[in-house]
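Peer 1: Fold the following for me, if possible:
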Amino acid sequence: MPPFYCMIMKINIDCGGCYRKIRDALLKLQELESHLIERKRGRVIVFGEFDPQAVAIRMRKMINRRVQILEIKEAEVGSGEGEAFK
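Peer 2: Model (predicted):
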């Protein structure tokens with residue numbers, strides 16, 4: 001089982017069309033649990049069990065824009081805030 005990652009990427013989001021293209025590409029990636037698009041800051045945060053470099057490369061190919069990885073954090077599944085809901 002691959003590790004659970006939180007990855008922050010920098011992507012230039014100029015307009016509504018760019019935003020929709022990025023959102024649609026993120027929804028097509030099956031390995032992502034969830035995502036957050038910070039339009040004003042030009043950042044995309046993704047969560048899930050995936051290979052960070054592979055996801056960044058696939059995103060770049062899907063949206064035809066430069067994708068820069070800012071930060072990758074590895075999280076342990078079953079720890080943290082999720083414990084409060086069990």
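Peer 1: For residue 22, see how far away the most centrally placed residue in the chain is.
Peer 2: In the chain, the residue lying closest to the centroid (CA atoms, centre = their mean) is residue 46, at 2.4 Å. Going from residue 46 to residue 22 by CB to CB, to the nearest Å gives 11 Å. For the C-beta atoms, the positions are set from N, CA and C on the backbone; glycine is no exception.
Peer 1: Over to residue 51?
Peer 2: In this structure, residue 51 lies at 19 Å from residue 22, with CB to CB as the measure.
Peer 1: quick one, which of the two is more surrounded?
Peer 2: For residue 51 against residue 22, the residue with the higher neighbour count under other CB atoms under 10 Å is residue 22, and the figures read 23 against 13.
Peer 1: I figured that one hits residue 13, correct?
Peer 2: Yes: in this structure residue 22 lies within contact range of residue 13 using CB atoms under 8 Å: 6.6 Å.
Peer 1: Now do the shared contacts for those two.
Peer 2: For the pair residue 22 and residue 13, residues contacting each of them under the criterion CB atoms under 8 Å, 6 or more residues apart in numbering are residue 37.
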